[in-house]
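Asks: missing the sequence, but the structure's below:
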């Protein structure tokens, strides 16, 4: 059946999508899913329904999400804002594309007739080339080219329907990848883990290197025997085709790794990354453990790895995987014990960088940033011949340590050094992390377009590497920049996209971070009750994960909500608890946020007696911790303080200076806040000038509260009562729960002025 769906046609029988005349082949499961969605168009389908009718077996929700994500990338114009496959949070998905059958059947038949002829021709040419014996000269040339370190691209192993289940498939591919990429010479072989098809992978990498040698493997099962068909190609030339047979997947994988390493002169190094003793049952458990780990089933993976180590203490790859899982579960002492054990074994000869990075992550989680920096620098100084990719990973973590310490200059230096001699097409994940880090560093100085460009570049590379975690981090930063510029539509769109990606990964920590940003948006828009419910969810996740970072976030928002509900006592408790935890965990950014909370509370309480002393102390700490860029935020509070104590000349001077600085670094939120307060000051003596100021900031689409209230007061003083009344009614609609009794009183005063 041929369907026309919006901007593409779809051959549902053969699983081919045609967009702008180009064919795209779907995998079997993508084909089944799209067929089912089209057959049930406009109906919300739960994940369980999809499992029952498309997969026809139990699979993880993450597996379902990954296929949906891949399908969106194929058929949506903008996968970040889908219009065909829509997510209904908590319910499922629905297909909303406009569907019709192909009207020009003759044209379609002709097209497929031509395609059929071409396919037959390709088949016979391929059959001839495939079965033509390879000459000894060709084999020798191939081996020599690999031995000269020309790039070898390994595509994901594919499986026929009955050869392996999903866990085994993920485990096989992940073990193949880790067997080479955990080694200190990582980079001699390239793996493509994200392309939707082998053809896409070859085309992508062929643009980079037309000497590229490509290895593809397909595993089939005949009775009790597994067979791996390995093909080596270079451009249109087939260099070699080899069949490997064994009675288990683990033996097939061992033979596959041996075959690859024999062409790369790293056989001795590779043996260390595989179990030392050939034990089929143990190796099969390891494949299953990695498969469960890949699918997010950490508890199951951990149990399997512990079983392996009981039987085989010297299984270094299993121990490294266990250490990584314990680190993910924040069992730092146990994880450190595993890494330390590995450091005293033969594994350290070939996997030292991964072991040192694991130990550095534990120290970072314990906020021992100086140890992270010093240990990694010392390690690198003593290991000069590790690969460029390993050096890049070390530089990224050193930069992260410096950023945590507030050493902006050193952090930026190491983030930039991480990209030296790193090919962006082969290693997009390195570029994604580096650009994100650079954006975070420069954000401490400005919120301008350069910072936004860095985050957008990071997002592009995170998408290229299919790094969901990095995508979410970056989308949150882009969303925050949109918020600071009062671009509500963009901020909301980005946040929704980020939450969709979080659902795919089911990473509770990332979901919690997304909830925090959502609470911030709801607070600004005056939806305090909804914000309170979401913040409670954030609190529950923080407790479940035992995360101090998430506790700090929900305490911050609890303090803000308490102030919005005028509960000063609760606000004081939350602010004090927030500061105590931020100091105990050496979380300097949160100490900065606490300064803002403290200033806001003192101004709301009109505590002029303690404000200036507290302001001076907090400014000193901010500068000492390397956050001088945020001085202007503190200056906004000082402007409001001067206005409160009627030091108008000081307030005006500082407001004008702060506005110029905010404009220079493109921080619109600070600019608008300073100008709002300036207008409020001029309202006392020169309402016309106050109106000019307010009209000038309209171009920045300011936050309604308190902008609309101040403008209504200015217009009312100028005798423009009807305009003031209309603006206040507009404010009442958008303030939501931030509409106060004082706002209502002002509305009634203006209404009386109109009546008179």
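Replies: Yep, it's here. Being a predicted model, the structure only gives us computed values, none of them experimental.
Asks: those strands in the stretch 1-150 of the chain, which residues are they?
Replies: In the stretch 1-150 of the chain, the strands defined using DSSP state E, counting those that start in this stretch lie at 2-5, 8-11, 16-19, 22-25, 85-88, 92-95, 99-101.
Asks: Tell me which other helices or strands the fifth one touches.
Replies: Using 3 or more CB pairs under 8 Å, 6 or more residues apart in numbering; DSSP states H and E as the contact definition, the elements that strand 85-88 packs against are helix 61-75, strand 92-95. For every residue, glycine as well, the C-beta is placed using N, CA and C.
Asks: What are the contacting residues of the longest one?
Replies: Spelled out, it's helix 61-75. 5, 8, 17, 24, 26, 29-30, 33-34, 47, 50-51, 55, 79, 82, 84-85, 93, 97, 166, 196, 295-296, 503-506 (CB atoms under 8 Å, 6 or more residues apart in numbering).
Asks: now it: mean pLDDT?
Replies: Helix 61-75 carries an average pLDDT of 76.
Asks: What distance separates the opening and closing residues of stretch 693-708?
Replies: Start-to-end span of stretch 693-708 (CA to CA, to the nearest Å) is 13 Å.
Asks: In it, which residues are buried?
Replies: By neighbour count on 16 or more other CB atoms under 10 Å, the buried set for stretch 693-708 is 693-694, 697, 700, 702-708.
Asks: which one of the residues you listed sits closest to residue 283?
Replies: residue 703 (59.5 Å; CB to CB).
Asks: hang on, isn't that closest one packed against residue 524?
Replies: Yes: distance between residue 703 and residue 524: 6.1 Å, which falls inside the contact criterion (CB atoms under 8 Å).
Asks: And the spatially closest residue to residue 687 that is not a sequence neighbour, how far from residue 434?
Replies: Closest residue to residue 687 apart from its sequence neighbours, by CB to CB, 6 or more residues apart in numbering: residue 717 at 4.5 Å. Note on residue 717: its distance to residue 434, by CB to CB, to the nearest Å, is 53 Å.
Asks: Now do the contacts for residue 91.
Replies: Residue 91 neighbours (CB under 8 Å, 6+ apart): 44, 46.
Asks: so what's it scoring on pLDDT?
Replies: Residue 91 is assigned 78 on the pLDDT scale.
Asks: Which helix or strand in the chain has the lowest average pLDDT?
Replies: helix 136-147 (a mean of 35; mean pLDDT, DSSP states H and E).
Asks: So which other helices or strands are in contact with the helix or strand residue 414 falls within?
Replies: Per DSSP states H and E: residue 414 is located in helix 408-417. Other helices and strands packing on helix 408-417, by 3+ CB pairs under 8 Å, 6+ apart, are helix 388-405, helix 428-443.
Asks: which is the next helix or strand following the last one?
Replies: Beyond helix 428-443 on the C-terminal side, the first helix or strand identified by DSSP H and E is helix 449-464.
Asks: which residues touch the nearest residue to residue 3 once chain neighbours are set aside?
Replies: Of all residues not flanking residue 3 in the chain, residue 10 sits nearest, at 4.6 Å (CB to CB, 6+ apart). By CB under 8 Å, 6+ apart, the residues touching residue 10 are 2-4, 16-18, 34, 38.
Asks: can you check residue 575 too?
Replies: Taking CB under 8 Å, 6+ apart as the test, what residue 575 contacts is 559, 594, 597-598, 601.
Asks: repeat for residue 449
Replies: residue 666.
Asks: still on that earlier bit, which one of the buried residues of stretch 693-708 is nearest residue 321?
Replies: Closest to residue 321, out of all of those and judged by CB to CB, is residue 703, at 48.2 Å.
Asks: neighbour-wise, which of residue 717 and residue 434 wins?
Replies: residue 434 (25 against 15; other CB atoms under 10 Å).
Asks: That one reaches residue 420, doesn't it?
Replies: No: counting by CB under 8 Å, residue 434 stays clear of residue 420, with 10.3 Å between them.
Asks: Show the pLDDT at the residue nearest to residue 665 when sequence neighbours are not counted.
Replies: Using CB to CB, 6+ apart and skipping residues adjacent in sequence, the residue nearest residue 665 is residue 446, 3.8 Å away. Looking at residue 446, its pLDDT reads 70.
Asks: need the contact list for residue 446.
Replies: 629, 665-667.
Asks: Show me which of the residues you listed are buried.
Replies: Those of those that meet the buried threshold are 629, 666-667, by 16+ other CB under 10 Å.
Asks: Which member of those residues is positioned nearest residue 409?
Replies: residue 629 (13.2 Å).
Asks: Now that closest one: closest residue in space that isn't a chain neighbour?
Replies: Once flanking residues are discounted, residue 629 sits nearest to residue 445: 4.6 Å by CB to CB, 6+ apart.
Asks: Repeat that for residue 250.
Replies: residue 283 (3.4 Å).
Asks: So the one you found versus residue 31, what's the distance?
Replies: Going from residue 283 to residue 31 by CB to CB gives 33 Å.
Asks: Give me the more crowded residue out of those two.
Replies: Taking other CB under 10 Å, residue 283 and residue 31 do not tie; residue 283 has more neighbours (24 against 21).
Asks: From residue 311, how far off is that one?
Replies: Taken as CB to CB, the span from residue 283 to residue 311 is 11 Å.
Asks: The closest residue to residue 157 other than its chain neighbours in helix, strand or coil?
Replies: Excluding the flanking residues, the one nearest residue 157 by CB to CB, 6+ apart is residue 217, at 4.5 Å. Under DSSP: H, G, I helix; E, B strand; the rest coil, the three-state class of residue 217 is strand.
Asks: State the distance from residue 217 to residue 15.
Replies: Taking CB to CB, one finds residue 217 at 22 Å from residue 15.
Asks: Run a quick neighbour tally on the residue nearest to residue 541 when sequence neighbours are not counted.
Replies: Of all residues not flanking residue 541 in the chain, residue 512 sits nearest, at 4.3 Å (CB to CB, 6+ apart). Residues within reach of residue 512, counting by other CB under 10 Å, total 23.
Asks: per-residue pLDDT, residue 512?
Replies: 82.
Asks: Am I right that residue 242 is in a helix?
Replies: No: Residue 242: not assigned to a helix; according to three-state DSSP it is strand.
Asks: Return the residues in contact with it.
Replies: Per CB under 8 Å, 6+ apart, neighbours of residue 242: 229-230, 259.
Asks: In helices only, show me these.
Replies: Among the contacts of residue 242, the members falling in helices (DSSP state H) are residue 259.
Asks: Show me which of the contacts of residue 242 are buried.
Replies: Buried, going by 16+ other CB under 10 Å: 230, 259, out of the contacts of residue 242.
Asks: Using JSON lines, please lay out the contacts of residue 242 together with distance to residue 739 and pLDDT.
Replies: Shown next, in JSON lines, are these (distance: CB to CB, whole Å; pLDDT from 0 to 100):
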{"residue": "229", "distance to residue 739": "70", "pLDDT": "89"}
{"residue": "230", "distance to residue 739": "69", "pLDDT": "88"}
{"residue": "259", "distance to residue 739": "71", "pLDDT": "81"}
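Asks: If we only consider the contacts of residue 242, which is nearest to residue 183?
Replies: Among the contacts of residue 242, and counting by CB to CB, the member closest to residue 183 is residue 259, at 16.9 Å.
Asks: Good, we can wrap up now.
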